[in-house]
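Trainee: Structure for this input, please:
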Amino acid sequence: MNCQLILYDTDVIVDENILEFNCLYYRINTEKLAYQELSNIIDEMIPYCLRPMNISKILFRNFTNTNSQNLTFEELRVSNVSTQELLAWSTPIDLVEKYQVYLNDIDLSLSNELFYNCTQPWFGLQCQYSFEFSEDMTITDVVENEFNIKTSYLESTSILIQQLPCYTHIKCDRGGTFLCLDWREVCNGRIDCIDEGLDEAFCFDMELNQCEENEYRCHNGLCIPEEFWENGFGDADCLDRSDEFADVLYPNSCFQDPTFRCEEHSCRTNWHDFPCGDGQCVQKFDECHNGRHLLLIQSIANQGYLSDKCLIAMMCLTELIKEIRGIVCETLFMNYSVYELIKHCDPIFQFPIIPVHSNHIRFLYENISLKSASSLLIIPDYVCYDEQLCDCIKSTFFYENLTCINSSELYLTTSISGHIWIDMILSIESYFRSCINYHMFFNKMNNYANQTLVLLYQCDNSSKLISKHRIFDENIDCCMSDDENDKLSCQLNSKHRIKCINESKCLSSLHTHDDCPFTENQLEKKISFSKICDGSDEFIFKDLNGKIYTDESQCNYWPCNNMYSQCDGFWTCPNGKDEENCTQTPCQSETYPCISPYNYSLICLSSQRVNDGIDDCLGAMDELRSCRRMYPSEKNPKRFRCQNSSLCLSSMELCNNIRTCPSGDDEDFCDKNRFICQQISNFNRTIIEDILCRSIDNEKNRIIHFSIHTSSNYPQSETKTISEIIQLKQEKYHIKKHISSEKISYSLSRYCNRGLTLHLRSEYENNERICMCPPSYYGDLCQYQNERVSLTLGLVRAERRNVYVIVIMLIDEEANINSYNQYEYIASQSCGIKLNRYLLFSKRPKNMSKNYSIRIDAYEKHSITYRGSWHLSIDFLFLPVNRISALLYMPYERTPILHNCFPTCINGECVQYLNKNYLFCRCFSGWSGIQCDIKLNCQRCSSDSICIGSKNDRSICICPMMKFGPRCLLTSVCPKNACQNNGQCIPADISVSDSHYSCTCSDHYYGSKCEYRKGQLDIDLENLNIPSFLSAFFLTISNESESRLTIMIQKLTLFQRRVTFRISIPYNLVIVELNRKYYLAVIQSTPKLDLSTSINPSQECLSIEILFNSTLMKMSRFQRIKFYHIPCQKNYDLNCFMDKFYLCLCTKDRHANCVEFNYDKNLQCSSKHYCANGAKCLQDHPTCPSAIICVCTDCFFGNQCQFYAKGLGLT
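Mentor: Numbers count the residues shown, from 1 in each chain. Okay, here's the model as predicted:
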């Protein structure tokens, strides 16, 4: 069923406490392949609801729809209309469930209830709503098109910046301007509210926050699970994005992106830190797509006591505007009128009239009319500040009640490299960053004093205290810059800092560049074997004596003519042997064909003149090293170097009628104006084009990823290839469906700000607009930013075949539920999963006197059996957005019942949270409260569901399998034969857009319908001791990407000689580990579906420690690898060998061919309770293992080592 626009929460009880109703749920699901056929998933749900300031304004409209057909429930029943049909017609879910109640009981009180049969595009209880788009669309289509048509102010011809969304729950004076407070400006390290500075009042508490050992501390002091730090999901989990790489690009497109990654993050402190209000962050005064920077510019144009002419002159001098009050600034400069205007400024005046930074840094100008250089007029004479807050800055001037410093002492002119005003403001912000933020800090000094030595660092010559985590983080927080002393940087012993080798320096994860010449992290750094000794320096390292080497040093034992250097257009060998017999060449052996830069004729250059540091050829094609070093990418290689220049160009930049090279040598040789290397056929190329393009063409075809084409297959077999049978699951990214190609005006595209524009039908006004707001906003125009909890939950499964119901609740200290979410977690459908969910407070603003927390309950779906609960605290309630992340491990068994809760549980049971040593009363169905003593009205829930609480007098119901809906009254069944090969079908909640049934497959099959059979690998163990378990490492090799490693483990019985693995991905190479030795089991250039192989002692991949002498073993990893071809050349029976980082095969040419091989991955189980009797628990993947095994201690046996064998006479 393809549901369209199904409203939730329409059955509203009119109450001033109702903050949202008439909701549509937008769901985003992104997948990235993780392990075999399983993916890591990000699942996000955004409810768009009516969230007006006055609920009665919308609810009590006198409206009767006379345009749509209406039917009573009785008429629907007589016509045999089912609830599934009503859902297909976009009927609100509450009405559908009410109709189901009528069908179940033939309740006469409901017989005259009306159903309105809406025609597109109208929907709603009375067909009163429609969207801008007339197409037949789901809510997914609506949201994505609404945001796609949002216009950047840069594209708009007429700019009228309306009031952008504001955070109004803090009293904030921005200087009487239209620029209001954005929630991201709370606790951003500087005061934005110039009156009382309440935006920073409580933020120092975050400086004192310490994280647990298994957590990563964000730069602002919040904590996330360590597993979420740079975990490759692609989005930040820290509120301030400090766990994210600095060069991500998605924030620039946030004006068209409604998701968590934009809405639920602030700006990095050491990167573009002015919030545009939609997730985009820019430097101060740089352009925001939504135009918020224009409001910042307007704020400094406040006239105050300045005369008209003085204000006009000063605003034009900032060069932030083009005209003011009808006067074009450029004209003022051209005719020098600006000098006349500044004569109307007072001898001493402040501009702008509001602080330029924080709430006390001000610019003061003196006798500006006497200055002559127009470019320096805007530079203030004095910068004034609060002396108490900036206690280590020595003042040079006092004016009235201001303490000032001469601007010359700040060297403002030397900091200017581009835009004068912007560079000057950035310099001021950096200089005064060392000031204390607010006066209330001094009132709390005594509270912080005891923490100083443990958690805080006191700046030299200042009373300022900062968290020790801010030491050496690229932000100067102390006026003496002593916090950036690298000698202090390792004192924290933080495992998330990067330790520099041979130096007492540890880089913060916030560093945007590498300040270490060589780091301990580089010891683990991926160094592709194909890049070593290839003629291009890419890696620099030091040995233990401090001597510097590169990947091109000490290459005496490296064969220059190898599988990775051959035919790539570059002479790795001095005589060019690696490029012989690749293509037809007009030159003889050991000469290099190129084009003369003087007459553009062919020359055959002697091998002695190639790579000698002298440019002999056009484009320096005989000296490719420098361009390869600067631009190592092979996708669009830049290999043409301009004459007498270091500029390198790609083939696309040659002969394009644009003289890119300083001397124009990229165009002077061209015969015709055409992109010479982009022709479909190479036959029409001139000799010049052929020579220039050949090296570029060859490099594009270069083998850069690990390949086994020079190795012999093992075992030899004739079975079907895996590509004929197996289906490799494709990664699923969220792709926006673009329906409307029409851009609308800037103002109309932002009528509802970040919400959805809805047409409301009435008797008189067919085109009245109202707004559906996401949880982040509320108001008639979604013009206010909401206080909220934005929660990211990672779920790690226990049993692979289980289906869980996850209930997420925001509760207060009396266990009242403010808001909740439910999620059906099908463990077999994903590897790792992250849920992004919103939780809202029941009051606006939230009650700051209450203690709020998050409780998460897990139930097993089939039987609705309670499994356990987690507790997440909300430690910094003063934050507008509480961004909380947690990783939950599903329990293998039910949480045990205890008996020591206080107060006692009356209608419930005492249990302990899975993640904390807290006890609480879990109430039985129909009860709530701290002691489970409050009776719930659960008549709304179906009899086969569980009633766990209520919100706004509406029951919260947990549905059994095959039931769905808020009241669990609707039935969902699977189609006949939905799952093949005995797969188990799990019905879908068909009221959710784009929802489908799921299949849980047996161990032999996979696919969305269990339609694909897994490949089978049988391994015979010959002349080897049988271990208690065996690990197999499957490598999938691709020409397009790095090799993918899949690990599988299996427990063995005492006399087991054959092991069988079933796998759902193609593989080319298999290494088997038993008893800490490694054996080559499979090497196949073309994958096979089913394969039988064997391993024996001759197949062992020896350790490099056996093959190399002590002298070589004492070398660093980077030096030692240069000798890895020697074992293959000396030992003709050697198939493979290994070190800590690489698996190396010996090729047919007796060269080493190595691939990164992380054989020492941690296989310890995530659960400590799966195995019994002290057994060692192992799993082959940290989050979605295909196997979990228990390695038993003596005298115990069984799958979980649960049986004792001594009394049975067994061993």
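Trainee: alpha carbons only for contacts and neighbour counts from here, please
Mentor: Will do.
Trainee: didn't Leu1045 look like it was pressed against Ile1037?
Mentor: No. Applying C-alpha atoms under 8 Å as the test, Leu1045 and Ile1037 come out as separate, 9.1 Å apart.
Trainee: quick one, which of the two is more surrounded?
Mentor: Remark: of Leu1045 and Ile1037, Ile1037 carries more neighbours, 23 against 19, as counted by other C-alpha atoms under 10 Å.
Trainee: Please name the residues that touch the residue lying closest to that one once chain neighbours are set aside.
Mentor: Using C-alpha to C-alpha, 6 or more residues apart in numbering and skipping residues adjacent in sequence, the residue nearest Ile1037 is Ser1043, 4.8 Å away. Ser1043 is in contact with His705, Phe706, Leu1035, Thr1036, Ile1037, counting by C-alpha atoms under 8 Å, 6 or more residues apart in numbering.
Trainee: Dump the helix or strand that contains the third one to CSV, keeping only the CA atoms.
Mentor: Just to be clear, that refers to Leu1035. For Leu1035, the element it lies in under DSSP states H and E is strand 1029-1036. Taking Å, rounded to 0.1, in the frame of the first residue of the first chain, the C-alpha atoms of strand 1029-1036 are listed here in CSV:
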residue,chain,number,x,y,z
PHE,A,1029,37.7,-22.4,17.3
LEU,A,1030,38.8,-21.1,13.9
SER,A,1031,38.7,-17.6,12.4
ALA,A,1032,38.5,-17.0,8.6
PHE,A,1033,39.4,-13.6,7.0
PHE,A,1034,37.6,-13.0,3.7
LEU,A,1035,39.0,-10.2,1.5
THR,A,1036,36.8,-8.8,-1.2
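Trainee: helices or strands up against that strand?
Mentor: Applying 3 or more C-alpha pairs under 8 Å, 6 or more residues apart in numbering; DSSP states H and E, we find strand 1029-1036 packed against strand 1044-1051, strand 1069-1074.
Trainee: in the stretch 151-300 of the chain, which spans are helices?
Mentor: 204-207, 260-263, 292-299 (DSSP state H, counting those that start in this stretch).
Trainee: and of the ones you listed, who's closest to Phe1203?
Mentor: Closest approach to Phe1203 among the helices of the stretch 151-300 of the chain (C-alpha to C-alpha): helix 260-263, 48.9 Å.
Trainee: what pairs with the residue nearest to Pro1185 when sequence neighbours are not counted across the strands?
Mentor: On the basis of C-alpha to C-alpha, 6+ apart, the spatially nearest residue to Pro1185 that is not a chain neighbour turns out to be Gln1179, at 5.7 Å. Beta bridges link Gln1179 to Ile1188, judged by DSSP bridges.
Trainee: Same check on Tyr385?
Mentor: According to DSSP bridges, the partner residues bridging Tyr385 are Thr403.
Trainee: I figured it hits Leu364, correct?
Mentor: No. At 10.7 Å, Tyr385 does not count as touching Leu364 under the criterion of C-alpha under 8 Å.
Trainee: Quickly list the domain ranges of this structure.
Mentor: 298-434, 442-523, 577-700, 787-971, 1162-1211 (automatic domain parsing).
Trainee: weakest of these by average pLDDT?
Mentor: Comparing mean pLDDT across those, the lowest value falls on domain 442-523: a mean of 77.
Trainee: more neighbours, Tyr385 and Leu364?
Mentor: For Tyr385 versus Leu364, neighbours defined as other C-alpha under 10 Å are more numerous around Tyr385 (25 against 22).
Trainee: can you tell me how far the spatially most central residue of the chain sits from Ile1071?
Mentor: Taking C-alpha atoms, centre = their mean as the criterion, Asp235 is the residue nearest the geometric centre of the chain, at 1.0 Å. Taking C-alpha to C-alpha, to the nearest Å as the measure, Asp235 falls 34 Å from Ile1071.
Trainee: And for Asn575?
Mentor: Using C-alpha to C-alpha, we find Asn575 at a distance of 38 Å from Ile1071.
Trainee: the more surrounded of these two?
Mentor: The neighbour comparison of Asn575 against Ile1071 (other C-alpha under 10 Å) goes to Ile1071, with 23 against 17.
Trainee: contacting residues for the more buried one?
Mentor: Here Ile1071 is in contact with Ala1032, Phe1033, Phe1034, Tyr1078, Tyr1079, Leu1080, Ala1081, Val1082 (C-alpha under 8 Å, 6+ apart).
Trainee: Could you do Cys23 as well?
Mentor: Contacts of Cys23 (C-alpha under 8 Å, 6+ apart): Leu7, Tyr8, Asp9, Thr10, Pro47, Tyr48, Cys49, Leu50, Met772.
Trainee: and Asp551, what does it touch?
Mentor: The contact partners of Asp551, by C-alpha under 8 Å, 6+ apart, come to Lys531, Ile532, Cys533, Asp537, Glu538, Phe539, Ile540, Phe1118.
Trainee: So for the residue nearest to Ile1037, what pLDDT did the model give?
Mentor: 90.
Trainee: What of Lys737?
Mentor: 51.
Trainee: got the residue ranges for the helices in the stretch 1-150 of the chain?
Mentor: Under DSSP H, counting those that start in this stretch, the stretch 1-150 of the chain gives helices at 55-59, 73-78, 83-88, 93-105, 139-148.
Trainee: Would you mind finding the most buried of these?
Mentor: helix 139-148 (a mean of 20; mean count of other C-alpha atoms under 10 Å).
Trainee: elements contacting it?
Mentor: Helices and strands touching helix 139-148, as assessed by 3+ C-alpha pairs under 8 Å, 6+ apart, comprise strand 21-35.
Trainee: roughly how far out does the strand it packs on sit from the chain middle?
Mentor: Strand 21-35 sits 15 Å away from the centroid of its parent chain (C-alpha atoms, centre = their mean, to the nearest Å).
Trainee: related to what we said a few turns ago, hmm, which of the contacts of Asp551 are the buried ones?
Mentor: For those, a burial check counting by 16 or more other C-alpha atoms under 10 Å picks out Lys531, Ile532, Cys533, Asp537, Glu538, Phe539, Phe1118.
Trainee: Pop out the phi and psi values for the first one.
Mentor: Note on Lys531: backbone dihedrals following degrees, to the nearest 10 are phi -90, psi -10.
Trainee: export the contacts of Cys23 to JSON lines and tack on pLDDT?
Mentor: Conversion of the contacts of Cys23 to JSON lines gives the following (pLDDT from 0 to 100):
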{"residue": "Leu7", "pLDDT": "95"}
{"residue": "Tyr8", "pLDDT": "94"}
{"residue": "Asp9", "pLDDT": "92"}
{"residue": "Thr10", "pLDDT": "90"}
{"residue": "Pro47", "pLDDT": "97"}
{"residue": "Tyr48", "pLDDT": "97"}
{"residue": "Cys49", "pLDDT": "96"}
{"residue": "Leu50", "pLDDT": "95"}
{"residue": "Met772", "pLDDT": "96"}
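Trainee: Could you pull out the strands in the stretch 751-900 of the chain for me?
Mentor: Applying DSSP state E, counting those that start in this stretch to the stretch 751-900 of the chain gives strands spanning 756-760, 768-772, 777-778, 784-785, 788-796, 803-811, 817-826, 833-840, 853-860, 865-873, 881-889.
Trainee: just so I know, which of the ones you listed lies nearest Gln350?
Mentor: Short answer: strand 784-785, nearest of the strands of the stretch 751-900 of the chain by C-alpha to C-alpha, at 32.8 Å.
Trainee: what's in contact with the closest one?
Mentor: In contact with strand 784-785 (C-alpha under 8 Å, 6+ apart) are residues Pro165, Cys166, Tyr167, Thr168, Asp182, Trp183, Ser776, Tyr777, Tyr778.
Trainee: Can you tell me which of those is closest to Trp870?
Mentor: Nearest to Trp870, judged by C-alpha to C-alpha, of these is Ser776 at 24.9 Å.
Trainee: Check the gap between that closest one and Thr168 for me.
Mentor: Taking C-alpha to C-alpha, one finds Ser776 at 13 Å from Thr168.
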